[in-house]
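Q: Output the structure for:
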Amino acid sequence: MIAVTFALPAESSDFVRLLENGALNSREGVESIRGRLHGKSIAVLHTGVGEKGCRTQMETFLRRQQFEYLISAGFAGALEKELRPGNLLIGENFSSAELLRSPQLSLADNEIFVGKLLTVPGMINSSAERERLATKTGAVAVDMETEFIAEACERHKTPMLSLRAISDTPSEPFPAPPHVLFDVKKQQTNFARLAFYLATHPAAMGRLNAFRQRIASARKNLTRVLETILRVDLL
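A: From the prediction side, this is the model:
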């Protein structure tokens, strides 16, 4: 069985719809979606956003079953100006050598970027902060979960591939402050807060609609590449 993780259903929804006989599985308080794709058994786990929930989910998930390998998928914010919304990035620093070396991986998409991914504690919207992190760390993109997923995979000797779709960039940032878009503590959007922000910042509505379109495109590209990767045998 192959595991695929996402932070939220907003990232996984297109992929989950591809699964044949998809069904919810719950054990030890951790829910996953099990199904088949191209003859392979697939388990999809939503880790939640950020470190706290992700660590707990991953430890329980990997402790109860051994997987052939795991793909850590989802969205990431670009630090590198060359990356555009919808581009795909393999985080080489978090990916297992045996998966990176797989000749089958190159068949998935010849337009996938390969670079360093950085896991950070919060959503980053400032262009200046993006530039600072890029200069300091050499990373080309950031997310909030991959480091903890990789640590769990290493403990449980599960090969991992880090695959992220770019959702926001220095030139196309979030349409509103991060705390308005998503409450990490509650793991959901506070729609009353968002509505108030939009009411007091009318111009943000257009930016929000454009962001939704970028997210949909990024999710579509991520799903396409995942589906292509799972057609072949990486190991």
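
Q: How is residue 34 classified with respect to secondary structure?
A: At residue 34 the chain is in strand, as set by DSSP: H, G, I helix; E, B strand; the rest coil.

Q: Does it have any beta-bridge partners, and if so which?
A: Residue 34 has these beta-bridge partners by DSSP bridges: residue 23, residue 43.

Q: Let me know the pLDDT of it.
A: Note on residue 34: pLDDT of 96.

Q: Check the contact between it and residue 26; I expect there is one.
A: No - using C-beta atoms under 8 Å, residue 34 makes no contact with residue 26, being 10.5 Å away. Where you see a C-beta, it was placed from the backbone N, CA and C, and this is true even at glycine.

Q: what about the two, which has more around it?
A: residue 34 (15 against 8; other C-beta atoms under 10 Å).

Q: Which strand or helix spans the closest residue to residue 116 other than its chain neighbours?
A: Spatial nearest neighbour of residue 116, excluding adjacent residues (C-beta to C-beta, 6 or more residues apart in numbering): residue 139 at 4.5 Å. Using DSSP states H and E, residue 139 sits within no helix or strand.

Q: try residue 5
A: Short version, using DSSP H and E: residue 5 is in strand 2-6.

Q: From the contact counts, what lies against the helix or strand that that strand is followed by?
A: Sequence-wise, the next helix or strand downstream of strand 2-6 (DSSP H and E) is helix 9-18. If you count contacts as 3 or more C-beta pairs under 8 Å, 6 or more residues apart in numbering; DSSP states H and E, helix 9-18 packs onto strand 2-6, strand 30-37, strand 40-46, strand 70-78, helix 204-229.
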